[in-house]
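Participant: 3D, please:
(2 chains)
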Number of protein chains: 2
Amino acid sequence: MSSSAVQFAGQNHARFLAELKDLLRIPSISTLPEHAPDCRRAAAALAGELKRIGMENVRVLETHASSPSGAGHPLVYADWLHAPGKPTVLMYAHYDVQPPDPLDEWLSPPFEPTERQGNLYARGAVDDKGQLWIEIKALESLLANGGKLPLNVRVVFEGEEEVGGEGIAAFVASKPPELKSDFALVCDTELFAPGLPTLCVGLRGMIYTEIEVRGAKSDLHSGMYGGAAPNPFVALAQIIAGLKDENGRILIPGFYDGIVPPSSEELAAWRSLPFDEEEYRIAEVGSRRLVGESGYSVLERTWARPTLDVHGMPGGFIGAGAKTVIPARALAKVSMRLVPGMTPAKSFALYQSFVEKIAPSGVEVDVRLIHQGDPCLVPVDNAYIRAATRALREVWGKDTVFIRSGGSIPIVGDFARHLGIPTVMMGFGLPDDNLHAPNEKFNLKNFELGIVSTIRFLEEAGRSPQHVK
Amino acid sequence: MSSSAVQFAGQNHARFLAELKDLLRIPSISTLPEHAPDCRRAAAALAGELKRIGMENVRVLETHASSPSGAGHPLVYADWLHAPGKPTVLMYAHYDVQPPDPLDEWLSPPFEPTERQGNLYARGAVDDKGQLWIEIKALESLLANGGKLPLNVRVVFEGEEEVGGEGIAAFVASKPPELKSDFALVCDTELFAPGLPTLCVGLRGMIYTEIEVRGAKSDLHSGMYGGAAPNPFVALAQIIAGLKDENGRILIPGFYDGIVPPSSEELAAWRSLPFDEEEYRIAEVGSRRLVGESGYSVLERTWARPTLDVHGMPGGFIGAGAKTVIPARALAKVSMRLVPGMTPAKSFALYQSFVEKIAPSGVEVDVRLIHQGDPCLVPVDNAYIRAATRALREVWGKDTVFIRSGGSIPIVGDFARHLGIPTVMMGFGLPDDNLHAPNEKFNLKNFELGIVSTIRFLEEAGRSPQHVK
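Facilitator: The predicted model follows:
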């Protein structure tokens, strides 16, 4: 921990934090078209900062938007390639954030970063601007030592992670020379528990869909037509209720076929993690009881089993009070998480045909795929994972635990498939950081130790023999 | 048709229509708190007009709002009581309107009345400002003849009909001397078919409810928590799917108990009405097929059977694109129509306990009653119904048909229960007038003949012996 880069980071912590707050003030919400200029503003700010700290070939790269959400937010690229004989790391993070709604549940405004009790509260604090800033500040600290890095570095930041990441996926699939690397570092995950160094080695994939149901040709009065006209919400309720049984099992035929379960060693390691289902229920979820497939632990259910959730049901009357309308159409936003052995294409096809089959008569149904991501597992027996565990042990004083995440980071699968490189998912969030929810936060100590961990990891990785994985 | 009042109406039709357009320009949407000033503006305009045409004791009466929708829009009262020995009519209509959404489906702005192809398009054109204006213009035409009316008249207009009408219900229940009358005229219904004079003699009641489901203590990331945290939309879907079977039968135990079916004479009369289910499906509903309880005709299903509809499901993410959230809570706006033999109180109690019983574990459920109305049947064997059929025969050249409506006009039951008077429901809408929907309209010929019909009805009713019902 005595490297001069670590010392530089310690001396500059207050400035690093102030800069992060400036970044968090930009409402770069990728899913809302009206915030596209903010995404562009965030990208420009990152490019400027990468240049300032001494990175080279800094560029804002346009992506070709094909997403129905109207995305098309640029990538930010930079490199420093003056360490011959050393490996090359591809450092990834994303600068876009989720919408902040429901706004009235935030204790401080989502785009006015606020410190409370050792945490920094803001939309994007931990997902992922805070962790992106860890990467930049680690590089700045290393470059402050005579303008040199301990290995070759490429940086690619995206602005469409929360809307499916189609731009970067297409870029990676084109295997551009800019991305030629030996391994990737993704800083977008969390510690399993406070103070416990953690590497994520598995991610769920997903398909995010919309079901649109149309009944009458226009909205109708429920008094005049109730009892004869089809009700799209009732039809959607019947469809959704038909997708999952009361024990949380998805009823789509064939949906579970081919799933690769965790090994018995991995399951044994999960059982030894400091995890109490009842405490998780009370402190993190806060519901009357937990749901899900019987016969599986909570960690298995959230890491290694597919699931299906409904995110919203637009249509009809949602104001205060009463409107007696039978809406002509209604929608449900439904996503499924996928696990190793499943593919988005097959899962969507099974889902789509099952929804069409169980839809009640009288209505027309459209099932649309909004975005998708492959599930992935990363091998743990490579030099970069070992370098990471050495660095984490030194900084946190504990052995690293290997976990999976129930979330989806599709880019990790893309790096493996198209660039043939393993990814180290080293992140510093905490389980109660309120990702995608009101009062998102980032623990300030984790921000600080995250920078130190990343500095030390890059230094250790620079000692790894190249091309040994 | 040769009365001088009828001649006056004919000569002043263009002015009557222009005045109606002014009234329609006021967006008196009772359910939206931000439009409360518009409701007040509409009430003031009506009071001014009633005074101008020669009505007396014109007053804007405050109501005591207890509605959760934040209503509290005033009543407008007026009378003319200088026909000793003649009966007294209580003329009712409502000046409030439904919200206009979805706005993008209107071909002309909802609050800019527009004539197209013999119709006047605007929110409230037929429900109920156009029909309210028929009442005022019939009175104006009669008063133009020397300032006298053929019978005693009380007028009461409300501004909360679309939000449950609690204000007028409480006023009627207090049996104020202002409402002492021999019969009521409600102008808020429709002709069964174009050119076919129609009196409505039965209405469904209703209960309008909200089901709120709460799962986790705050919104959660569906990747991290999907498979363990309860999803309120999935729970609502399971509840709604459990309320109604695929044949449209409501599954709440005891819900159908006590229903009084239509008499065989009434059913026979309905079968002779000019009604084609296939044409209704195509032209009015426009859905792939009609739904509803098997074993009942469409007219029975919409007039004489209870039903259950979902109007909207607020909560979660309803923007464009994707947000991977498990919302902490979600709502469903659910209403049930009731028929003779059912009461709102008993129906709500059965519904509430059934929803609580079938709610999946893991979530908390609240079931709230937003507003209610009794179903009602009016006897057809009274002097005022006979006066109405005489007037309608003269104006339209056809015998009157007696129908029911699937809608709810709770005030009709209140008039019977608290004032002991029968109601004549004489209305001039058409089945395709898009009530509560985009492109609401009123046929201009029906507006004109509605005024003439009302003039002649009041003249005929003035000849009826008082207190003979």
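
Participant: restricting to C-alpha, output the helix or strand harbouring A:Leu369 in PDB.
Facilitator: Secondary-structure assignment from DSSP states H and E places A:Leu369 in strand A:364-373. C-alpha atoms of strand A:364-373 as PDB (Å, rounded to 0.1, in the frame of the first residue of the first chain):
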ATOM      1  CA  GLU A 364     -55.000  -8.900 -29.800                       C
ATOM      2  CA  VAL A 365     -51.600  -9.400 -28.300                       C
ATOM      3  CA  ASP A 366     -48.100  -8.200 -29.400                       C
ATOM      4  CA  VAL A 367     -45.000  -9.400 -27.600                       C
ATOM      5  CA  ARG A 368     -41.900  -7.300 -28.200                       C
ATOM      6  CA  LEU A 369     -38.200  -7.800 -27.200                       C
ATOM      7  CA  ILE A 370     -36.800  -4.500 -26.000                       C
ATOM      8  CA  HIS A 371     -33.300  -5.600 -25.100                       C
ATOM      9  CA  GLN A 372     -31.300  -8.700 -24.200                       C
ATOM     10  CA  GLY A 373     -28.100  -9.900 -22.700                       C
END
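
Participant: ok, is that strand in contact with chain B or not?
Facilitator: Yes. Under the criterion of Cβ under 8 Å from any Cβ of the partner chain, chain B is reached by strand A:364-373 at A:Glu364, A:Ile370, A:His371. Any C-beta I mention is one placed from the backbone N, CA and C, and that applies to glycine too.

Participant: so what's the second one closest to, chain neighbours aside?
Facilitator: So that's A:Ile370. With sequence-adjacent residues excluded and distances taken as Cβ to Cβ, 6 or more residues apart in numbering or on different chains, A:Ile370 is closest to A:Tyr208, at 4.5 Å.

Participant: likewise the first one?
Facilitator: In space, and not counting its chain neighbours, A:Glu364 is closest to A:Arg214: 4.6 Å by Cβ to Cβ, 6+ apart.

Participant: mean confidence for the strand or helix carrying A:Arg301?
Facilitator: Secondary structure from DSSP H and E places A:Arg301 in helix A:298-303. Helix A:298-303 comes out with an average pLDDT of 96.

Participant: also stretch A:354-367?
Facilitator: In this model, stretch A:354-367 carries a mean pLDDT of 96.

Participant: list the contacts for the residue of the stretch 351-469 of chain A found nearest chain B?
Facilitator: When you check the stretch 351-469 of chain A against chain B by Cβ to the nearest Cβ, the closest residue turns out to be A:Gly407, at 2.9 Å. Shown in contact with A:Gly407 (Cβ atoms under 8 Å, 6 or more residues apart in numbering or on different chains): A:Leu203, A:Arg204, A:Leu435, B:His221, B:Gly223, B:Met224.

Participant: ok, now with 6 Å
Facilitator: When the contact criterion is Cβ atoms under 6 Å, 6 or more residues apart in numbering or on different chains, the partners of A:Gly407 are B:Gly223, B:Met224.

Participant: do the same with A:Phe317
Facilitator: Under the criterion of Cβ under 6 Å, 6+ apart, the contact list for A:Phe317 reads A:Lys323, A:Val325, B:His311, B:Gly312.

Participant: list buried residues within those.
Facilitator: With burial judged by 16 or more other Cβ atoms under 10 Å in any protein chain shown, the buried subset of these is A:Lys323, A:Val325, B:His311, B:Gly312.

Participant: what about the closest residue to A:Asp366 other than its chain neighbours, distance to chain B?
Facilitator: On the basis of Cβ to Cβ, 6+ apart, the spatially nearest residue to A:Asp366 that is not a chain neighbour turns out to be A:Glu212, at 4.4 Å. Relative to chain B, A:Glu212 is positioned 13 Å away (criterion: Cβ to the nearest Cβ, to the nearest Å).

Participant: give me the phi and psi angles of A:Glu212.
Facilitator: As for A:Glu212, its main-chain torsions (degrees, to the nearest 10) stand at phi -110, psi 130.

Participant: next one: A:Lys180
Facilitator: Here is the backbone geometry of A:Lys180 (degrees, to the nearest 10): phi -60, psi 120.

Participant: excluding its backbone neighbours, what's nearest it?
Facilitator: Taking Cβ to Cβ, 6+ apart as the measure, A:Lys180 lies nearest to A:Thr88, with 7.0 Å between them; neighbours along the chain are not counted.

Participant: which residues sit against the strand holding A:Leu369?
Facilitator: Outside of strand A:364-373, the residues within contact range by Cβ under 6 Å, 6+ apart are A:164, A:205-214, A:344, A:348, A:352, A:355-356, A:359, A:408, A:410, B:322.

Participant: give the buried subset of those as a PyMOL selection command.
Facilitator: The command below creates a PyMOL selection of those among the contacts of strand A:364-373 that count as buried (16+ other Cβ under 10 Å):
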select buried, (chain A and resi 164+205+206+207+208+209+210+211+212+213+214+344+348+352+355+359+408+410) or (chain B and resi 322)
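
Participant: doesn't A:Ile451 fall inside a helix?
Facilitator: Yes. Remark: A:Ile451 belongs to a helix, assigned using DSSP: H, G, I helix; E, B strand; the rest coil.

Participant: ok, back up a step: now do the residue nearest to A:Glu364, the pLDDT please.
Facilitator: Confidence score, pLDDT, at A:Arg214: 98.

Participant: cool, and A:Gln466?
Facilitator: At A:Gln466, the model reports a pLDDT of 56.

Participant: A:Ala65 now?
Facilitator: Note for A:Ala65: predicted pLDDT of 55.

Participant: show me what the helix or strand hosting the residue nearest to A:Ile370 pairs with in its sheet, parallel or antiparallel.
Facilitator: Using DSSP H and E, A:Tyr208 falls within strand A:205-214. In the sheet, strand A:205-214 lines up against strand A:329-338 (antiparallel), strand A:364-373 (antiparallel) (DSSP bridges).

Participant: can you give me the angle the helix or strand that the first one is followed by makes with strand A:329-338?
Facilitator: Same thing as strand A:329-338. Elements were assigned by DSSP H and E; along the chain past strand A:329-338, the next helix or strand is helix A:344-358. Relative orientation of helix A:344-358 versus strand A:329-338 (axes from the mean of the first three to the mean of the last three Cα atoms, to 10 degrees): 140 degrees.

Participant: near chain B, anything from helix A:344-358?
Facilitator: No. With Cβ under 6 Å from any Cβ of the partner chain as the threshold, helix A:344-358 lies outside contact range of chain B, at a closest distance of 10.4 Å.

Participant: residues in contact with that helix?
Facilitator: If you take Cβ under 6 Å, 6+ apart as the criterion, helix A:344-358 is touched by A:Ile207, A:Ile239, A:Gly242, A:Ile252, A:Gly254, A:Phe255, A:Leu338, A:Val365, A:Val367, A:Leu369, A:Gln372.

Participant: count of residues packed around the fifth one?
Facilitator: Pointing back at A:Gly254 there. Here the count is done by other Cβ atoms under 10 Å in any protein chain shown, and A:Gly254 has 12 residues near it.

Participant: can you tell me the SS state at A:Ala83?
Facilitator: Three states are possible here, and by three-state DSSP the one that applies to A:Ala83 is coil.

Participant: can I assume it is in contact with A:Val153?
Facilitator: No. A:Ala83 sits out of contact with A:Val153 when judged by Cβ atoms under 6 Å, with a separation of 8.4 Å.

Participant: neighbour count: the two, which is higher?
Facilitator: A:Val153 (28 against 16).

Participant: residues contacting that one?
Facilitator: The neighbours of A:Val153, taking Cβ under 6 Å, 6+ apart as the test, are A:Trp80, A:Val89.

Participant: could I get the CA-only coordinates of the helix or strand hosting it as CSV?
Facilitator: For A:Val153, the enclosing helix or strand under DSSP H and E is strand A:152-158. These are the backbone C-alpha positions of strand A:152-158, laid out as CSV (Å, rounded to 0.1, in the frame of the first residue of the first chain):
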residue,chain,number,x,y,z
ASN,A,152,-0.8,-1.0,-21.2
VAL,A,153,-4.3,0.5,-20.7
ARG,A,154,-7.3,0.9,-22.9
VAL,A,155,-10.4,2.6,-21.5
VAL,A,156,-13.9,2.3,-22.9
PHE,A,157,-16.9,3.9,-21.2
GLU,A,158,-20.5,3.5,-22.5
